[in-house]
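Chemist: my questions are about this predicted structure, shown below with the sequence.
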Amino acid sequence: DSKGCLLSATYPGVVEMLRTLHRHDLQLFVLTNKPAIPTIRILKHVHLADFFSDIVSPDSTFSPFTEKTQGALLLRERFGLDPTSTVVVGDGADDAQSAAANGFSFILAEYGYGAQAADPGLTKVAALRSFFDIEQIVLSETSSP
């Protein structure tokens, strides 16, 4: 929690891509199963923390959650997120499940840990082969009527 988290690095182009998404006035969040302290340390260390409206970990809430689905619900309620225009980007089945349970679309990040989380019952499933794909997928989603 104090040293190992400072060994983290971003994928190439992540800062630039988050900057682009931020310029499009998209609200960005981090929802993770990792503890809050190392998560925030990592994000600050790699200069990403300021891109996010909120960072939610199981222990960052007054009432800790045990599943990402609960964290996604918390974000949905706290920020009044519209399920028809909210997308979860993740690399695991728990990310897909949190999206489905809250009526959000899901985009599978195949380039990360990449567990096969795609579920045909989701509102929308797309795949990122690299973080650079996110601009085209997300911005086309948000500009659709």
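Modeler: Thanks, I have the structure now. Keep in mind it's a predicted model, so treat the numbers as computed, not measured. Numbering: from 1, shown residues only.

Chemist: specify the local secondary structure of Pro12.
Modeler: coil (DSSP: H, G, I helix; E, B strand; the rest coil).

Chemist: tell me how many other residues crowd it.
Modeler: Number of residues near Pro12 (other Cβ atoms under 10 Å) recorded here: 11. In short, each C-beta sits where N, CA and C put it, glycine included.

Chemist: swap in the one 5 residues further on?
Modeler: By other Cβ under 10 Å, 20 other residues sit near Met17.

Chemist: quick one, what contacts it?
Modeler: Applying Cβ atoms under 8 Å, 6 or more residues apart in numbering, we find Met17 in contact with Phe131, Phe132, Ile134, Glu135.

Chemist: from the contact counts, what lies against the helix or strand containing Leu139?
Modeler: In this structure, Leu139 is located in helix 133-143 according to DSSP states H and E. Identification of packing neighbours for helix 133-143 by 3 or more Cβ pairs under 8 Å, 6 or more residues apart in numbering; DSSP states H and E yields helix 14-23, strand 87-90, strand 105-109, strand 125-128.

Chemist: re the thing from before, quick one, which of the contacts of Met17 are buried?
Modeler: Using 16 or more other Cβ atoms under 10 Å as the burial test, the contacts of Met17 include Phe131, Phe132, Ile134 as buried.

Chemist: output the helix or strand of the chain with the lowest mean pLDDT as CSV - backbone C-alpha positions only.
Modeler: When the helices and strands of the chain are compared on mean pLDDT, DSSP states H and E, helix 133-143 comes out lowest with a mean of 75. Taking Å, rounded to 0.1, in the frame of the first residue of the first chain, the C-alpha atoms of helix 133-143 are listed here in CSV:
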residue,chain,number,x,y,z
ASP,A,133,-10.0,2.4,-29.4
ILE,A,134,-12.0,4.0,-26.5
GLU,A,135,-12.2,7.4,-28.2
GLN,A,136,-14.0,6.1,-31.3
ILE,A,137,-16.3,3.7,-29.3
VAL,A,138,-17.2,6.0,-26.5
LEU,A,139,-17.6,9.2,-28.4
SER,A,140,-19.7,7.5,-31.1
GLU,A,141,-21.9,6.2,-28.3
THR,A,142,-22.3,9.6,-26.6
SER,A,143,-23.1,11.4,-29.9
